[in-house]
Structure formats: C-alpha cells, structure tokens
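Asks: After the sequence you'll find the predicted model.
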Amino acid sequence: MCHSHCLQEELLVVDVPIIEGVTPPRIVVEKVAAWSGDSDEIVLRNVGGQTQDLTGWKVTDSEDDHVYLFAQEAEGCEAFGSLAPSQKLELKQRADEEDADEDNPCGFSFAINFRDAIKVYNADGDQVTNVAWSDSVNGTVIRRVADDSYGVFRESENIIDTLEALGNFTVLLEILEALNFTSVLKSETDPEYDGVKIPEPPPPPPIDPQFPAWFGFTVNRSTLPAPPPPPPPPPPPKEGIPTMGPYTILAPTDDAFGNFRMEVAGPGNEPINVEALLTLPEFKDIILYHVLAGGWTSEFLKNNTGLPTAKVAEVVPFTDGAMTEGKLRLHDSCVDKPTLDGIDCLQQVEFEKCYDPFMVSPLGAQWPGGFCQRTCERCSCDPAAGVFCAEILTPDILASNGVIHSINRVLFPPPIFEPISFSFAPAPEEEEDDFPSTISIPSVPKTPATAEANMTSKTIENANE
C-alpha cells in the first residue's frame with residue numbers, strides 16, 4: 001500500500017516574486033512526525049502576510065543540546081533561511097546523525113521521541129511557538145488544526161477513515177455515503193501514479209522582429225519553412241471520480257454545511273435538511289467539485305493556477321500574500337468567458353485589451369467577471385473586493401490514498417464556457433452557362449446627336465487651321 005510519502009513530489013523551483021501583505025509574519029508548527037525511526041519530520045508554516053527571515057532562528061526538542069539552525073546546517077541550505085506567506089517548510093531527519101546526508105543535507109540531526117516537544121526560537125532567543133505531547137506512537141503525527149490546538153492522527157488510514165477520525169466532517173461523510181462515493185474514496189493509490197501534473201504555461205507568441213527602415217536584408221518570412229506544430233493539448237479530463245487514488249478532498253466542515261443549508265433555503269426559511277439536499281438534481285455536481293484526482297498537497301496550490309476537479313470545472317487557489325494575508329484561499333468562479341469576436345483570451349492579453357471597458361463589463365459579458373477574467377488575472381480573493389473565496393482551514397491532512405484540505409464553505413462549480421470560433425463556408429462554384437465565351441457587339445448607327453458631335457469637331461479643327 002502506498003502511504004503519505006507517495007504524495008511528496010519533487011518541486012520545480014520557479015523564480016516568482018513574493019507579494020507581501022500587511023499582516024506580520026507568524027510561524028507555527030504545523031506537523032511533527034515523531035518516533036518514526038529515521039523519518040522524523042517537522043513542518044513549519046507562515047500563516048502571516050509577510051515573509052519571515054529565519055536567519056539566526058533555531059529549533060530544539062526537549063533536549064537542550066538538540067539544536068537545528070536554519071540555513072546553517074550545510075552548504076546550499078540558504079533556501080531554508082526564509083519563509084514566504086502561506087508557505088510551509090519541511091525539515092526531515094537526516095539518516096546519519098553525525099555526517100551530512102547527501103539526499104537531505106538541510107535536515108536536522110536529532111531523533112524526536114514519542115514523549116517530546118518542539119520549540120522554535122527567533123534570532124533574539126525568544127520562543128516563538130512550541131508544541132508538546134506525551135502519547136505519540138509509530139504511524140501517527142502531531143498536527144495543528146484550525147483552532148490552533150493539536151491532536152494526534154494517523155496518516156496510514158484511507159481518506160474516509162481519516163475524515164471519521166477528525167470528527168468535524170459528519171455531514172460530508174453522510175453525503176458521500178448517500179451518493180455512493182464512500183467505497184471508491186477508500187480505493188488504494190494506483191501503483192502507476194507518477195505525481196500531479198502542473199499545467200504548462202502557454203507557448204510564447206511568435207517573434208515579429210522590428211528592424212529599422214534602412215535595414216536592407218529583411219527576409220521574406222513567407223518563404224521560410226513553417227515552424228513545427230505545437231504538441232497536441234492533453235485530453236480533457238473526464239467527469240467522475242477515478243477508480244484508483246490518490247484523491248484530494250476539499251472537505252467542508254460541519255459548520256460550512258450548516259451555512260450552506262441556510263444559503264440554499266433562502267432568507268427567512270429554516271435550513272434545508274440533508275435529506276432534502278440529496279434530492280436536488282444539482283447536488284451531486286456540487287460534491288464532485290470537491291474531489292480532485294491526484295495528491296494536491298499545498299506546495300502544488302499555485303497562485304491563480306486552476307485545478308481540474310471531478311466535475312471537470314476548475315477550482316483556482318490563491319496564495320498572494322497581499323490578497324490572502326497568509327491564508328490559502330480557493331476561488332470557485334474564476335473562469336474565462338471568451339469574447340464574441342473569436343479572439344481568444346491569450347490574444348486579448350497580447351493585445352493589452354484586458355482592462356478595456358468592454359472586457360471588464362459584467363453587463364456586456366453577461367458574467368460577473370467580464371470577459372477573459374482568468375487569463376487576464378482579474379480574479380481576486382481579497383475580501384475588500386467583495387469576493388468570498390473559501391479558506392483552507394487545515395491544509396495537508398495526509399491519508400494513505402490522498403490528501404484532505406479542510407475548508408470553511410461549500411464550493412459551487414462554475415460554468416464551462418466554450419471558446420467561440422468562426423468558420424466561413426467556401427464560396428459556391430460558378431455554374432457553367434450556355435452563353436459563348438466572347439460576344440461580338442455590332443456597330444451602332446450614328447444618331448443625330450452623334451453626327452452633330454462629329455460636325456462640331458470638324459468645325460473646331462478648321463478654325464484651328
């Protein structure tokens with residue numbers, strides 16, 4: 001059986017500018033895997049809106065001589081010297097406590113006990129955060145939950161059993177059972193699974209060089225060989241939950257479903273009960289939108305990068321510090337509605353049309369976000385903008401066949417707008433007729449007006465003589 005380590009993939013490091021918020025950085029211990037042989041682990045997360053410089057910071061356990069110094073363990077660990085908003089930092093135990101570990105040079109060298117504590121100190125020596133426990137056993141982790149408390153959980157159970165152990169997903173579990181999703185979400189991970197597939201960015205537009213007017217060697221590009229065609233796009237995802245894992249569940253809490261039941265019932269009415277929800281023909285689609293194929297842990301939740309769901313429609317994460325202030329948020333209506341002129345959204349970006357009045361008009365587009373909202377990067381999860389995105393309350397709850405992200409509201413799948421294309425029918429072929437290819441025109445007899453004109457012409461000639 002594939003356990004949580006199967007979900008950890010090698011990340012492609014991309015130089016993306018960090019956008020800061022106004023909330024000060026706040027470092028918390030998100031998870032500790034203790035008493036697990038040589039695979040102990042400490043996970044820290046910055047839940048503030050600004051980057052924290054970790055230079056001079058240290059982590060210890062209950063033994064004073066067990067010390068980990070950030071960015072100073074070995075050469076090449078400089079990346080462990082800061083933590084951006086909403087991001088996590090995983091510290092793993094080195095295989096050899098004395099010598100550097102080639103596969104894990106930046107890990108810590110001490111073992112964490114089943115009865116222990118993890119303490120984090122800043123550069124001034126002040127304790128920033130800590131967590132202590134007395135009952136960890138092999139196969140469990142100590143992890144932080146939404147209210148800043150800690151509990152002991154197993155990561156070796158399937159998604160359904162993990163949701164049951166967490167305790168605040170009883171409504172979701174009832175719904176999954178009623179929709180016959182429970183058994184498939186207990187399925188093991190596909191042995192051929194090779195990690196999540198981050199969408200590739202679109203290819204750059206072709207180069208159109210601009211030479212000065214006096215340049216005398218411009219090449220007629222119509223005579224050049226045609227460039228190789230782009231690779232075919234991946235096949236569109238299929239609707240439905242795959243028969244094998246891993247799966248990612250965006251799991252609304254019981255409180256989230258309580259709010260949803262009131263919202264669906266309408267103002268002034270009693271909250272609709274779960275049995276009535278299940279009779280709604282739209283409800284299965286809503287639940288499918290909360291299931292993703294693959295192990296989408298939080299490091300893969302890239303800002304404004306859509307994730308395909310079992311309902312095919314994408315959900316879009318936002319991690320922009322200035323927008324989310326260290327929180328992980330999910331946008332469920334960030335989609336592209338194409339313009340009616342057949343110009344696709346990438347071309348609208350290229351032509352710098354994204355903020356033209358007709359592009360941003362909800363009335364003109366008949367869609368709240370206007371045209372090309374997603375590709376033009378006009379989506380927002382800023383509460384000040386009046387957008388109520390879902391918040392991930394507890395990220396990265398690992399199970400044996402996937403990952404769970406606890407969220408604070410039920411998501412609604414948006415429409416999928418098809419691109420508009422224009423096709424023109426070829427002009428009809430001309431029908432052959434019975435007329436000859438040439439027509440001879442007989443001479444026209446002179447009329448009195450013609451004779452008068454000729455007479456006048458001769459009179460003028462004589463006068464000139």
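Replies: Great, that's in hand.

Asks: Distance from the chain centre to stretch 301-321, please.
Replies: 3 Å (C-alpha atoms, centre = their mean, to the nearest Å).

Asks: May I have the distance across it, first residue to last?
Replies: The straight-line separation of the ends of stretch 301-321 (C-alpha to C-alpha, to the nearest Å) is 14 Å.

Asks: Buried residues in that stretch, which are they?
Replies: Neighbour counts over stretch 301-321 (16 or more other C-beta atoms under 10 Å) mark 301-304, 306-321 as buried. No exception for glycine: its C-beta is placed from N, CA and C like everyone else's.

Asks: do stretch 234-246 as well
Replies: Going by neighbour count (16+ other C-beta under 10 Å), the buried part of stretch 234-246 is 237, 241-242, 244-246.

Asks: List just the nearest of those to Trp133.
Replies: Closest approach to Trp133 among those (C-beta to C-beta): Pro246, at 27.5 Å.

Asks: where in the stretch 351-465 of the chain is pLDDT low?
Replies: Scanning the stretch 351-465 of the chain for pLDDT under 70 picks out the ranges 421-465.

Asks: Let me know the closest of the buried residues of stretch 234-246 to Ser149.
Replies: Closest to Ser149, out of all of the buried residues of stretch 234-246 and judged by C-beta to C-beta, is Pro246, at 27.3 Å.

Asks: Would you mind confirming that Asp255 makes contact with Arg409?
Replies: No - with contact defined as C-beta atoms under 8 Å, Asp255 does not count as touching Arg409 (9.1 Å).

Asks: the more surrounded of the two?
Replies: Arg409 (19 against 14; other C-beta atoms under 10 Å).

Asks: isn't the more buried one right up against Leu393?
Replies: No - checked against C-beta under 8 Å, the pair Arg409 and Leu393 is beyond contact range at 10.1 Å.

Asks: Now do the shared contacts for those two.
Replies: Residues touching both Arg409 and Leu393 (C-beta atoms under 8 Å, 6 or more residues apart in numbering): none.

Asks: residues in contact with the nearest residue to Pro199 once chain neighbours are set aside?
Replies: Leaving aside its sequence neighbours, Pro199 sits nearest to Thr305 (C-beta to C-beta, 6 or more residues apart in numbering; 6.4 Å). Contacts for Thr305 (C-beta under 8 Å, 6+ apart) come out as 198-199, 316-317.

Asks: between the residues you listed, which is nearest Leu346?
Replies: Pro199 (13.4 Å).

Asks: And Gly139, how close does it get to Leu91?
Replies: 20 Å (C-beta to C-beta, to the nearest Å).

Asks: who has more neighbours, the two?
Replies: Leu91 (21 against 14).

Asks: tell me the contacts of the more buried one?
Replies: Shown in contact with Leu91 (C-beta under 8 Å, 6+ apart): 41-44, 59, 68, 80, 106-108.

Asks: Secondary structure class of Asn130, three-state.
Replies: Secondary structure for Asn130, judged by DSSP: H, G, I helix; E, B strand; the rest coil, is strand.

Asks: Tally up the residues packed near it, please.
Replies: 13.

Asks: Show me what it is bridged to.
Replies: Beta-bridge pairing of Asn130, defined through DSSP bridges, involves Lys119.

Asks: residues in contact with it?
Replies: Applying C-beta under 8 Å, 6+ apart, one finds that Asn130 lies in contact with 29, 117-120.

Asks: Greatest separation within the residues you listed: which pair is it?
Replies: Ala117 and Val120 (10.8 Å).
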